[in-house]
Every structure is written in structure tokens, then in C-alpha cells.
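K.L.:
What follows is a predicted structure for the sequence shown.
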Amino acid sequence: MKAKLGMSPIAWWNDDLVELSDDVSLEECLRQSRSAGFTGMEKGRRFPDDPEVMLPILKAADVTLCGGWFSGTLVDEDLAVNKARIQPMIDLFKAVDAPCIVYGEVGRSMQGKREIPLAQKPKLSDDEMKAYARKVTEFGEWCADQGMPLAYHHHMAAVVETEPELDAFMQYSGAGIPLLFDAGHLAFAGGDVLRAIDNHHKRITHVHVKDVRMEVINGLDRSKQSFLDAVALGAFTVPGDGSLDFGAIVQKFADYGYEGWFVVEAEQDPRKNPPLKMAQVGYKELMRVMTAAGYTVETQGFPKG
């Protein structure tokens, strides 16, 4: 089985908490990640939106674009609005041969609002979840028809956060909307990571290997502290530096024959947790557990030829 290892630039520059950002260029971010061993990078705010500008930067760094976040609003807004907003991203991602766009629901979400505590996260009724899941499925099918598949990101402080919410979304949605599985977000939400993989492996096409510090999460006052407060306190980290058993998680993916990207997305304070050092820790741990699970990790970055 083959796998690819990527990173998110959120370890270097945080789009929601700018104060948790390292003052480095895109080129330096790519250089550090590649020097640690990673061959892919998801899109962040310092990436150009013109493929003619982006491709030479990726080629020089020997890195491929392995995904990127789209802020969807389908829980509140219609398909046409979201289609118009995502079309330039589809065109860009096709031009640079990215594998997928990550759909993150921001409608009603508290994930970017530091003043709103975790306990006030939005919740959908069963009928609302049914309608939402069908709508997202239709959107996913349309994006795939344009030549760029989506991967749905369940997320803390959003309408699909908990394991029961994920189960309901997956039940009511269809194969037209694949799943991005994020172990860290599900663990933060109190879910059973291995059980969720068992339940939804057939639809998982993209994986975020985010680790968590459970001592930080367990110490939160969810009636007062927000998702961004948790991030600032160090709730997330890279594999090998937190509480999750990535040996068991990666083995579970191997058992189901998953092949594709495993992306380290670990937002934390770069002054306390230098991104290059964290990248090295995460890569070492992932190589250890992936080798044990029987994966061959691809070492080529930017496609040759």
C-alpha cells in the first residue's frame, strides 16, 4: 500500500489567530516542511491564487499541493452562491493537479469566533441535518463534475462536530461527498476515533493526522472558553507529541486498504512549538507507524517531467 505525507501551513501561519503565526515566507514554509520529509502542502493564506505563479514555487520546493480549505456556507446559503465562490478554487486546483478541495462548513459555526464558548456550538435538528446532508451531497457531485472532488471536514464548533453528528451526516449524505477524517477533531469532540473509521472508511478519501493534548482539552471550561482559546492553549499538536495512538489509527486505515494523503494539521503557537521541529517530530512518528502498518511512503514531491 502506498501513502503520501503532507502538512498544513497552519503550523507556520494561523488564519484565524494571526498572533499564532511565524513571520516566514511561503518559500521558507515549504522548504522547512520538505526538509522534514513531507512531499505535500495544503493551501494557506500566503499561497498565490494564480497557477502560473504557484507552480514554479511548488516546483522549486519539490512539493505538491495536497489540498486546501474552502469555507462553505451551505447550511444557510444556496448552492448557486457556493458554486460561484468555489469555481476559481476549482480552476486553480485543477491547474496545479491537487487531489481535492476540503469543504469546511462555516455557516453558523463558532470555530472562528473567540468570544463564543464551545458549549454554544450550533446544532441541527434531525430534519435540518437531512436537508443539509442532501444539499452538501449535491454540491459535492457538482464539484466532482467540474473535475475537482471535495472532502467534507467534520470540525469542532461547527454543525458536524460530534461522533453522533458525523454518523447522522454520513447516513443522510451520499457517496457524492467523500469524507476527510480528522482524528484530532473527533477526539476533541469526545468521539471514538477507531470506531468512526470502522463506520465510515468506505467514504474516507483524505486524512488529517492531527494529535491532541487531552490534558489541555480536559481542562477547558466549555461554558466559557472557545475553540480558538483551546487552540491558543495548545489543544493540538503533531503525531508523536500528543495523546492519540497513531499506531492504532494508521493500522486501522491500513486494514481497510486506504491509500492516499495523510496530512499533518497542527495549529499551535510557533514560538512555543517551532514548526520545523514539530514537522520533524510528526514525520518521524508517522514513518514509524506507517512502516509498521505496511505502508510505502512516496518520497517524490513535485511531479517530474
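P.N.:
Arrived safely, thanks for sending.
K.L.:
Phi first, then psi, for the residue most central in space within the chain.
P.N.:
Centrality entry for the chain: nearest residue to the mean C-alpha point is residue 208, 4.8 Å, by Cα atoms, centre = their mean. Main-chain torsions, residue 208, degrees, to the nearest 10: phi -100, psi 120.
K.L.:
nearest spatial neighbour of it, skipping sequence neighbours?
P.N.:
Leaving aside its chain neighbours, residue 208 sits nearest to residue 182 (4.1 Å; criterion: Cβ to Cβ, 6 or more residues apart in numbering). No exception for glycine: its C-beta is placed from N, CA and C like everyone else's.
K.L.:
Next one: the residue nearest to the centre of the chain relative to residue 174, how far apart?
P.N.:
Counting by Cβ to Cβ, to the nearest Å, the separation of residue 208 from residue 174 is 22 Å.
K.L.:
Also residue 141?
P.N.:
The value you get for residue 141 to residue 174, if Cβ to Cβ is used, is 8 Å.
K.L.:
Just the strands from the stretch 51-200 of the chain, written as ranges.
P.N.:
64-72, 101-105, 150-153, 179-182 (DSSP state E, counting those that start in this stretch).
K.L.:
and of the ones you listed, who's closest to residue 161?
P.N.:
strand 101-105 (10.0 Å; Cβ to Cβ).
K.L.:
Tell me the helices and strands packed up against that closest one.
P.N.:
strand 64-72, helix 79-95, helix 126-145, strand 150-153 (3 or more Cβ pairs under 8 Å, 6 or more residues apart in numbering; DSSP states H and E).
K.L.:
Single out the most deeply packed of these.
P.N.:
Greatest average neighbour count among those goes to strand 150-153 (a mean of 26), per mean count of other Cβ atoms under 10 Å.
K.L.:
What average pLDDT does it get?
P.N.:
Across strand 150-153, the average pLDDT comes to 98.
K.L.:
Residue 51: how many residues sit nearby?
P.N.:
17 (other Cβ atoms under 10 Å).
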